[in-house]
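Participant: turn this into a structure:
(one chain, ligands or ions: 2)
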Amino acid sequence: MEAVIKAINVRKYFPLSVGIFSAKKYVRAIDNVDLELYSGEVLALVGESGSGKSTLGRVIVGLQKPDAGEVLYRGHNIYKLNNSLAKLIRHKIQAVFQNPDSSLNPRMQIFDILSEALLTKNPELSKAELLDGVVRLLRTVGLSDDHVFKYPHELSGGERQRIAIARALSVEPEVLIADEIVSALDVSVRAQVMNVLMDIIDKYRLSVIFITHDMGLVWSISDRVAVMYLGRIVEIGPTEEIFKSPLHPYTKMLLVSSPTASSTMAFKDLRFKARGEPPSPIDPPKGCKFVTRCPLADERCNVIDPQLNGVSENHKVACIKVNS
Ligand SMILES: Nc1ncnc2c1ncn2[C@@H]1O[C@H](COP(=O)(O)OP(=O)(O)OP(=O)(O)O)[C@@H](O)[C@H]1O
Ligand SMILES: [Mg+2]
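Facilitator: Ligands and ions are numbered 1, 2, ... in the order given. Here you go, the predicted structure:
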């Protein structure tokens with residue numbers, strides 16, 4: 001399958017401000033990650049808070065330059081583009097985040113918010129064409145024409161999130177990074193927005209990175225799952241395989257701890273019930289990053305830093321207990 005996005009050996013460390021005489025310290029948000037997003041797939045990115053999901057999303061969408069490594073869109077390094085290509089590729093990769101309030105200008109009507117986005121793609125559009133485009137976008141996300149001249153504060157949270165999705169669609173993207181886009185919504189609205197999203201993915205043939213904590217959503221929307229722990233991908237594979245026979249002890253922990261996943265998944269080994277907190281990303285363990293919480297760890301895990309290895313063509317895991 002063809003990769004639309006290829007992240008190669010990507011690293012993003014955030015420097016901590018410490019005293020001038022102490023050694024410089026870093027939050028290792030993303031630590032040498034490789035990831036491919038195939039054309040037309042939905043790849044779920046899961047992992048506890050602070051594991052680096054949003055940072056990886058921001059690096060892939062072009063918002064946060066990595067310290068090392070490359071992000072390729074169809075072979076082009078998105079951080080090394082000439083001007084004409086930069087604009088085109090910026091449109092191809094769009095993101096929607098958890099909180100639309102911070103990205104929708106409260107002083108602009110929906111018409112202006114969406115027109116502004118449409119004009120970045122096609123500056124020649126007339127007022128009538130813009131109105132037509134805005135109405136079309138609103139319908140695509142399941143909103144009526146009544147919303148055209150409203151302000152963001154006149155909309156519900158779910159409606160605002162639909163506007164954020166409509167704005168992302170306005171530039172005809174190929175890749176969508178959806179970072180916790182329904183997490184702040186209540187359950188009934190969450191289902192409606194998810195349905196809109198799934199229709200749009202189909203209709204526009206989007207390739208999607210879907211970041212979430214909700215394993216139930218992962219099950220219903222994604223083709224593949226990548227599991228992150230302390231800035232690393234520790235397991236990646238087809239959704240059904242991950243849910244039925246997870247291999248990494250951390251993936252098992254996530255599944256056992258998830259109330260929504262337990263109804264759909266085959267895996268229910270309670271030895272893997274969540275214990276402890278993740279260690280600090282400033283000073284992670286030397287060997288396996290999961291060693292401090294792993295029920296299977298032995299002394300080798302304190303020293304060997306396991307790399308992602310293929311257990312089958314599409315399924316990879318970083319754990320010496322599985323790989324050896
Ligand atoms: N701009 C920043 N400056 C300093 N540290 C940061 C910055 N952004 C993220 N971090 C740190 O990087 C690590 C990864 O953060 P990130 O937001 O990517 O995690 P996440 O998996 O998205 O978490 P959550 O599920 O809570 O959204 C965290 O330790 C976080 O505190
Ligand atoms: Mg996040």
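
Participant: isn't Thr292 right next to Pro279, touching?
Facilitator: Yes: counting by Cβ atoms under 8 Å, Pro279 is a contact partner of Thr292 at 5.6 Å. Heads up, the C-betas are built off the backbone N, CA and C, glycines and all.

Participant: what touches both of these two?
Facilitator: Pro285 (Cβ atoms under 8 Å, 6 or more residues apart in numbering).

Participant: distance check, the closest residue to ligand 1 within the stretch 151-300 of the chain against Ile209.
Facilitator: Nearest residue of the stretch 151-300 of the chain to ligand 1: Pro281, at 4.6 Å (Cβ to the nearest ligand atom). Using Cβ to Cβ, to the nearest Å, Pro281 is found at 21 Å from Ile209.

Participant: before we move on, what about Glu116?
Facilitator: 25 Å.

Participant: compare those two (neighbour count), which wins?
Facilitator: Ile209 (26 against 14; other Cβ atoms under 10 Å).

Participant: OK, contacts around the more buried one?
Facilitator: Ile209 sits next to 5, 37, 43, 45, 57, 60, 175-178 when contact means Cβ under 8 Å, 6+ apart.

Participant: what lies in contact with stretch 292-310?
Facilitator: With contact meaning Cβ under 8 Å, 6+ apart, stretch 292-310 is reached by 34, 233-234, 236, 249-250, 253, 271-272, 275-276, 278-279, 285-291, 316-321, 323.

Participant: apply 7 Å and report the result again.
Facilitator: With contact meaning Cβ atoms under 7 Å, 6 or more residues apart in numbering, stretch 292-310 is reached by 233, 249, 271-272, 275-276, 279, 285-288, 291, 316-321, 323.

Participant: so how far is Ser39 from His91?
Facilitator: Taking Cβ to Cβ as the measure, His91 falls 17 Å from Ser39.

Participant: same question for Leu197.
Facilitator: Leu197 is 18 Å from Ser39, where distance means Cβ to Cβ.

Participant: one more: Lys24?
Facilitator: Lys24 is 41 Å from Ser39, where distance means Cβ to Cβ.

Participant: with neighbour numbers in mind, choose between these two.
Facilitator: A direct count of neighbours by other Cβ under 10 Å for Lys24 and Ser39 places Ser39 higher, at 15 against 10.

Participant: for the more buried one, what are its contacts?
Facilitator: 1-2, 4, 207.

Participant: do that again at 8 Å, thanks
Facilitator: By Cβ under 8 Å, 6+ apart, the neighbours of Ser39 are 1-4, 207.

Participant: what pLDDT is listed against it?
Facilitator: For Ser39, the pLDDT comes out at 96.

Participant: what residues does the protein have near ligand 1?
Facilitator: Residues of the chain that fall close to ligand 1, judged by Cβ under 6 Å from any ligand atom: 14, 27, 29, 47, 49-55, 281.

Participant: does Val193 really touch Gly157, like I thought?
Facilitator: No: in this structure Val193 lies outside contact range of Gly157 using Cβ under 8 Å: 9.3 Å.

Participant: which residues do those two both contact?
Facilitator: Common neighbours of Val193 and Gly157 (criterion: Cβ under 8 Å, 6+ apart): Leu185.
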